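Participant: Next come a sequence and a model predicted from it.
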Amino acid sequence: MSTTPAPRRFATPPGGLPPQTQLTTDRAVFTEAYAVLPHGTMTDIVTSLLPFWDDTRLWTIARPLSGFAETFSQYVVEVAPGGGSDRPELNEGAEGVIFVVGGALTLTLDGTDHELAEGGYAYLPPAADWTLHNTSSEVATFHWIRKAYEVVDGLDVPEAFVTNEADVVAVEMPGTNGAWATQRFADPNDVRHDMHVNIVNFEPGGAIPFPETHVMEHGLYVLEGKAVYLLNDDWVEVQAGDFMWLRAFCPQACYAGGPGRFRYLLYKDVNRHAKLPY
């Protein structure tokens, strides 16, 4: 019987270090309106560690910073067998989303264990009681998106929930005949949520056929496939494992030109008044 592990559905960082013979030029770009971090930039030498996490390393692909992400941080976290944390989140005002792209993890939430396999998704409200460990024999990789929750007087904080992307129906965008669809994990009409982390799906040839401009900031991590993406006034080719950051109002569109589906994990801030200067 073969012991070869099943191929992963979702892209994960390559790690390692390119050889000296590899060309230095690539698609990495950082502008005032957008940034592209190709998967090849996620090597061993750009990883970080976190307090109270054992046998864990991460790639920080977005963080609040002048001229960069303003509302969120995003990590790609790699946990070795036996690793994890009993004190994962040190900021009681931070909410988070976990999305597993490789391996499996045990999330203990309010005393209940949840097994998060590939495609596993968890929303963690601020001050949630949770721990996360890799009890398997293989490395586990997940995205961790964090945001300072914006409290509104008279609105309750959303409840935690756990699901898997395979159990979330993709809703077709109007008039696309399924070529463009979105898996929405939180109810888009629930204004208690101030961020959405969804999966956007394009069939081959599917497109965003106009340049979107909107108040929401975006983080996009390509899970599968490839496409050409309009970022401000540049068309950029992207593929599985690439990350894009888009400033609010940055024009965006895309065309899925690969042989298979093009899918990305999408962050956006929602449902709150614009902050005003005083």
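Facilitator: It's in.

Participant: For the residue lying closest to Ala128 once chain neighbours are set aside, give its distance to His114.
Facilitator: Excluding the flanking residues, the one nearest Ala128 by C-beta to C-beta, 6 or more residues apart in numbering is Ala160, at 5.5 Å. The C-beta positions use only the backbone N, C-alpha and C, and glycine is treated the same way. According to C-beta to C-beta, to the nearest Å, Ala160 stands 10 Å off from His114.

Participant: what does His218 give?
Facilitator: For His218 relative to His114 (C-beta to C-beta), the value is 28 Å.

Participant: Just want to know which of these two has more residues nearby.
Facilitator: Comparing His218 with His114 by other C-beta atoms under 10 Å, the one with more neighbours is His218, at 22 against 16.

Participant: ok, the more buried one - contacts?
Facilitator: Met244, Trp245, Leu246, Cys250, Gln252, Leu266, Tyr267, Lys268 (C-beta atoms under 8 Å, 6 or more residues apart in numbering).

Participant: Correct me if wrong: the third one contacts Leu231.
Facilitator: Yes - because the distance of 6.7 Å satisfies C-beta atoms under 8 Å, Leu246 is recorded as touching Leu231.

Participant: what residues are shared contacts of these two?
Facilitator: Ala33, Tyr34, Gln252.

Participant: would CSV of these with distance to Thr131 and secondary structure be doable?
Facilitator: Shown next, in CSV, are the shared contacts of Leu246 and Leu231 (distance: C-beta to C-beta, whole Å; DSSP: H, G, I helix; E, B strand; the rest coil):
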residue, distance to Thr131, secondary structure
Ala33, 39, coil
Tyr34, 36, strand
Gln252, 37, strand
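
Participant: May I see those residues organised as TSV, with neighbour count, pLDDT and distance to Leu49 added?
Facilitator: Converted to TSV, the shared contacts of Leu246 and Leu231 look like this (neighbours: other C-beta atoms under 10 Å; pLDDT from 0 to 100; distance: C-beta to C-beta, whole Å):
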residue	neighbour count	pLDDT	distance to Leu49
Ala33	16	97	31
Tyr34	22	98	28
Gln252	21	98	33
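
Participant: just curious, which of those residues is nearest to Glu172?
Facilitator: Distances from Glu172 to the shared contacts of Leu246 and Leu231, taken as C-beta to C-beta, are shortest for Gln252 (19.7 Å).

Participant: excluding its backbone neighbours, what's nearest that closest one?
Facilitator: Glu212 (5.1 Å).

Participant: can I assume that neighbour is in contact with Phe249?
Facilitator: No - look at Glu212 against Phe249 with C-beta under 8 Å: they stay out of range, at 9.6 Å.

Participant: Report the set of residues contacting both of those two.
Facilitator: By C-beta under 8 Å, 6+ apart, no residue touches both Glu212 and Phe249.

Participant: beta partners of His133?
Facilitator: Bridge pairing for His133 (DSSP bridges) gives the partners Gly84, Thr106.

Participant: who's in contact with it?
Facilitator: Contacts of His133 by C-beta under 8 Å, 6+ apart are Val79, Gly82, Gly83, Gly84, Ser85, Leu105, Thr106, Thr108.

Participant: about what we covered before: what's the local residue count around the residue nearest to Gln252?
Facilitator: The burial count for Glu212: 15, using other C-beta under 10 Å.

Participant: any residues in contact with both of Ala160 and His114?
Facilitator: Ala122.

Participant: Could you list the low-pLDDT ranges of the stretch 151-278 of the chain?
Facilitator: In the prediction, the stretch 151-278 of the chain carries no residues with pLDDT under 70.

Participant: Can you name the helix or strand that Ile145 falls in?
Facilitator: Using DSSP states H and E, Ile145 falls within strand 140-148.
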